[in-house]
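>>> Everything below, folded, please.
(4 chains)
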Number of protein chains: 2
Amino acid sequence: MSGRVDGGALAALADPTRRDLLERLARGEASATTLARGLPISRQAVVQHLSVLDAAGLVRSDRHGREVRWSPRPDGLIAAASWLTGIADEWDRRLAAIKAIAEE
Amino acid sequence: MSGRVDGGALAALADPTRRDLLERLARGEASATTLARGLPISRQAVVQHLSVLDAAGLVRSDRHGREVRWSPRPDGLIAAASWLTGIADEWDRRLAAIKAIAEE
DNA sequence: TTGATGTGCAAGCCCGAGATTGCACTAGGC
DNA sequence: GCCTAGTGCAATCTCGGGCTTGCACATCAA
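As a prediction, this is how the structure comes out:
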């Protein structure tokens, strides 16, 4: 297990720009400046998004000389997904029970 | 399949109050007025949250006389979870490939 | 050393989400 | 009929997220 899901990952994934950044990182690590070149926003905006993703445990950063390379961390995503699945299954179970009672 | 995941479900789940509402609904359908009694926010705020959840396909509403009862819909949750899992698996695969190359 | 590139920090702007309030409307109980 | 309870609609407010700009600091290459 890689930590509790406090909603931070969900809040981080709620923004379309951040999801775009994650998909770009999945195609190879990159720096904030490089990412900003292919986007209609400034480097600082990218940095702030990456900070949010970092706080949510969805990316990691490594310094290489004067540049900082970012890469995705699937662990956080998997944790969030399994959390969602758990809740969904729980609801499914309860709703099925209610339905069974209603059909008697 | 229950439709593409456009991020609407993730945005809806990003708010802690909405996650709270979903958990309460999972313990039995309820009206907006009833839900508002157990929360520190107004009925209208609850209604707005339920509208967002409804648009995201996470809840459904049924009229019973003069009251509207809300209930959870696991389908949307499951779709969002499987989307997350798919992305996570994809990243895992790519990262494993990169790591394998680096270790040669 | 000098210049170019990448980053970090901070102040500020703007707009929309979340919440409130007020009032009109409808359904049920007396 | 009346009164109460539940809902719907709309205007308003506040505050924080997303973004920009400007400048200082660090690193590599000539």
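>>> switch to C-alpha atoms for all contacts and neighbour counts from now on
Fine.
>>> Pull the distance from the helix or strand harbouring A:Ala12 to the chain's centre.
Using DSSP states H and E, A:Ala12 sits within helix A:8-13. Its chain's average C-alpha position is 6 Å from that of helix A:8-13, according to Cα atoms, centre = their mean, to the nearest Å.
>>> Any part of the helix or strand just after that helix near DNA strand C?
Downstream of helix A:8-13, the first helix or strand assigned by DSSP H and E is helix A:16-26. No: using Cα under 7 Å from any atom of the strand, helix A:16-26 stays clear of DNA strand C, coming no nearer than 12.6 Å.
>>> just to revisit the earlier point, just checking, what packs against the helix holding A:Ala12?
helix A:43-55, helix A:74-102, helix B:8-13 (3 or more Cα pairs under 8 Å, 6 or more residues apart in numbering or on different chains; DSSP states H and E).
>>> Can you tell me what sits against it?
Helix A:8-13 has contacts (Cα atoms under 8 Å, 6 or more residues apart in numbering or on different chains) with A:18-19, A:52-53, A:55-58, A:76-77, A:80, B:10-11, B:13-15.
>>> Show the average pLDDT along stretch A:84-91.
In this model, stretch A:84-91 has a mean pLDDT of 82.
>>> what does chain A have sitting close to DNA strand D?
Counting by Cα under 7 Å from any atom of the strand, chain A sits next to DNA strand D at A:15, A:17, A:40-46, A:48-49, A:64-66.
>>> go with 6 Å
A:Asp15, A:Pro40, A:Ile41, A:Ser42, A:Gln44, A:Ala45, A:Gly65, A:Arg66 (Cα under 6 Å from any atom of the strand).
>>> For those, give me CSV that also has pLDDT, neighbour count and distance to B:Ala96.
Shown next, in CSV, are the residues of chain A next to DNA strand D (pLDDT from 0 to 100; neighbours: other Cα atoms under 10 Å in any protein chain shown; distance: Cα to Cα, whole Å):
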residue, pLDDT, neighbour count, distance to B:Ala96
A:Asp15, 96, 16, 27
A:Pro40, 97, 8, 31
A:Ile41, 98, 12, 31
A:Ser42, 98, 13, 31
A:Gln44, 98, 12, 30
A:Ala45, 98, 14, 30
A:Gly65, 94, 6, 25
A:Arg66, 95, 6, 26
